[in-house]
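Participant: Build me a structure from this.
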Amino acid sequence: MKTDRRIPAVILILTMIFGTSRYTRADPPQLWLYYSTNLLVDANIDQLQRVWRQAAADGYTHILFSDSKLARLDDLGSIENHYFQNLQRTRQIATQLGLQIVPSLFQIGYSNDILFNNPSLAEGLPVRDVSFVVHSQTAQVVFDPTAALPERPTWHDPSVNIYGLMAINGLMATVENNPNNARLVFSKTLIPFHCYHIQVWIRTQDYTGEPQILVLASNNMNLQYESLGVRRSQPWQRYDVVFDTLNNTRVNIYFGVWGGAKGTLQWRNWKMELAGLVNPLSRPGAPTTIEGYEQGKDYAPISDPNCGTRPYPGEYQSWHNPVNIQFLRPIPDGTIVRVSWFYPPIFYDGQVSADLGDPSFRQLLAHEAQLVRTALPSAGYMMSFDEIRVLGWDDAEQQTNETPGQELADAAHYCTGLLDGATAYTWSDMFDPYHNAHNNYYLVNGDLSGSWKGLEPQIVIFNWNSEHCRESLNFFSNLGHQQIIAGYYDGPLSDLAAWMAAARGVPGIIGYMYTTWRGDYSKIDTFARMVRQNN
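Facilitator: Below you'll find the model as predicted:
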């Protein structure tokens, strides 16, 4: 039974009135710098020292520190090895400069780093009752001609020119200097909870747009989020994506570009088919099963050696050769069997999320906390709950009857307990009803509302909801949380000015953070000056 550790209402009211922090209104705001690097590379330590020296001179007090290797410290060898020597050097630099390092751990959402340790702990989408046919005791997915894409799209934008080329035995779609959207669309009736593989070839010449493949269900839900990564100029190159129909039967498959672009884009050799066993997960909460047959007795355990291991552990490729099912006893040729499994969806540039409720994943989180707290002692740690785009589908999650919001709240309780004795920080978005904590978020199966109930009042929130900053700041303040505003995200510094205006009169704002994903630290002095002038 889960323990409800929320504070009583009377205490919460007193907290809101008097605050829980040692900081008062007269305290100057903390200045934070987000810094991500790879400490295994000596040159990165030299670069870090230069940037941190400048930050200290500009009045920064804290470093929110990220390194993917913190998720797998025991894979790096003994404490005497090169990585740990550089880690010690980094700590010394921070101490000399008077900077406090707050390490980032618990990769919930962007989980590739921690999934290095066990790729099968990824969160999966369900594929149900797919027909496989047996030949020579081996089963492969049954070919379904209704899955194929027609030669000609159902419709296309006027900027797309469709014509035939004898050399490729098919049609080509060409887009040149499109002023608006340039899309070709295939409307299809498909089978619910089946996985489909799309393949297409693309060529570009000085093309400024971003070609995408979207799969929209009848309710406008997008079922495919993986980025293609098409270069501005490239020869013909093949692209593969997969998607799960989930509970949908009608979909529109888009090859296209949204918005105007210059240059030339070409598509050809498009096709679609039922996908077989690609990246099937192998864990109790997300099993691969065959209706009427028993694993180990009737068929060999099903495992994909390429699941989450290419090009290295924790990285997933949406398409490769499917694995076959090998029966352990004679099955008549032509027998049709029904196979169900789970596979991890890939978002954008490779993001895969972990199954945050799985007991084995909880053990990984506990192990990570122990290793990081030993190797990088700190007064505080960042819980990386961020953009969790799939949740709530596997068998174990379905049996709990928890909503995704409740599951996330429980995970927040658990991770906070692993940091007992230190200040816990977290990103705001997955606990913010004005941001991502709501229904219909990406491929989450259910409502994320109420996730904020899992946050202990002493947790400090890194708020980055710039679109609804005033509402979001007030929401967390009313819950009694201190907040640090992530007021710069590689954009104009006018964004910081808008944040500071929204923060006026909101209790519990204790700092501001300069956050760059591009490694651009050229504005840290201006950022610091703006914060000081406003307080």
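Participant: residues in contact with Q363?
Facilitator: For Q363, the contact set (C-beta atoms under 8 Å, 6 or more residues apart in numbering) is empty. Placement of C-beta: from N, CA and C, glycine included.
Participant: actually S318, not the one I typed
Facilitator: For S318, the contact set (C-beta under 8 Å, 6+ apart) comprises 226, 240-242, 278-279, 346.
Participant: What of Y254?
Facilitator: By C-beta under 8 Å, 6+ apart, Y254 lies in contact with 183-185, 212-216.
Participant: got a list of what the closest residue to it other than its chain neighbours touches?
Facilitator: With C-beta to C-beta, 6 or more residues apart in numbering as the criterion, Y254 has its nearest non-adjacent residue at 4.3 Å, and that residue is L214. L214 makes contact with 222, 224, 253-254, 256, according to C-beta under 8 Å, 6+ apart.
Participant: Tell me the most packed of the contacts of Y254, by neighbour count.
Facilitator: Counting neighbours by other C-beta atoms under 10 Å, the top entry in the contacts of Y254 is V215, with 25 neighbours.
Participant: What are the boundaries of the strands in the stretch 1-150 of the chain?
Facilitator: Listed from the start of the chain, the stretch 1-150 of the chain has strands (DSSP state E, counting those that start in this stretch) covering 30-36, 62-66, 100-108, 125-135, 138-141.
Participant: Can I get those in a markdown table including distance to Q482?
Facilitator: Shown next, in a markdown table, are those (distance: least, C-beta to C-beta, whole Å):
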| stretch | distance to Q482 |
| --- | --- |
| strand 30-36 | 10 |
| strand 62-66 | 13 |
| strand 100-108 | 14 |
| strand 125-135 | 37 |
| strand 138-141 | 53 |
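Participant: Which one of those strands lies nearest to N118?
Facilitator: strand 100-108 (12.8 Å; C-beta to C-beta).
Participant: What helices and strands are in contact with that closest one?
Facilitator: Contact analysis of strand 100-108 by 3 or more C-beta pairs under 8 Å, 6 or more residues apart in numbering; DSSP states H and E lists strand 62-66, helix 82-97, helix 112-115, helix 359-375, strand 380-385, helix 404-418 as its packing neighbours.
Participant: Of the ones you listed, which is nearest V41?
Facilitator: Across the helices and strands packed on strand 100-108, V41 has its closest neighbour in helix 82-97 (8.2 Å, C-beta to C-beta).
Participant: neighbours around N86, how many?
Facilitator: Neighbour count of N86, defined by other C-beta under 10 Å: 20.
Participant: any idea how far it is from P103?
Facilitator: Noted for N86: a distance of 14 Å to P103, by C-beta to C-beta, to the nearest Å.
Participant: list the contacts for N161?
Facilitator: By C-beta under 8 Å, 6+ apart, the contact set of N161 is 173-176.
Participant: Of the contacts of Y254, which is the nearest to G487?
Facilitator: Once C-beta to C-beta is applied, the member of these that ends up nearest G487 is Q212, at 30.2 Å.
Participant: mind checking how far that closest one is from G417?
Facilitator: For Q212 relative to G417 (C-beta to C-beta), the value is 41 Å.
Participant: Same check on G229?
Facilitator: 39 Å.
Participant: what's the burial count for N38?
Facilitator: The burial count for N38: 13, using other C-beta under 10 Å.
Participant: Excluding covalently adjacent residues, which one is nearest to it?
Facilitator: The nearest residue in space to N38 (C-beta to C-beta, 6+ apart) is N44, at 5.7 Å.
Participant: gap between that neighbour and R50?
Facilitator: Using C-beta to C-beta, N44 is found at 11 Å from R50.
Participant: Specify which residue of these two has the higher count of neighbours.
Facilitator: Comparing N44 with R50 by other C-beta under 10 Å, the one with more neighbours is N44, at 15 against 10.
Participant: and the more buried one, how far is that from V51?
Facilitator: 10 Å.
Participant: what angle separates the host helix or strand of Y196 from strand 125-135?
Facilitator: Using DSSP states H and E, Y196 maps to strand 195-205. Put simply, strand 195-205 runs at 100 degrees to strand 125-135, going by axes from the mean of the first three to the mean of the last three C-alpha atoms, to 10 degrees.
Participant: Tell me which other helices or strands strand 195-205 touches.
Facilitator: Secondary-structure packing of strand 195-205 (3+ C-beta pairs under 8 Å, 6+ apart): strand 125-135, strand 212-217, strand 234-244, strand 264-274.
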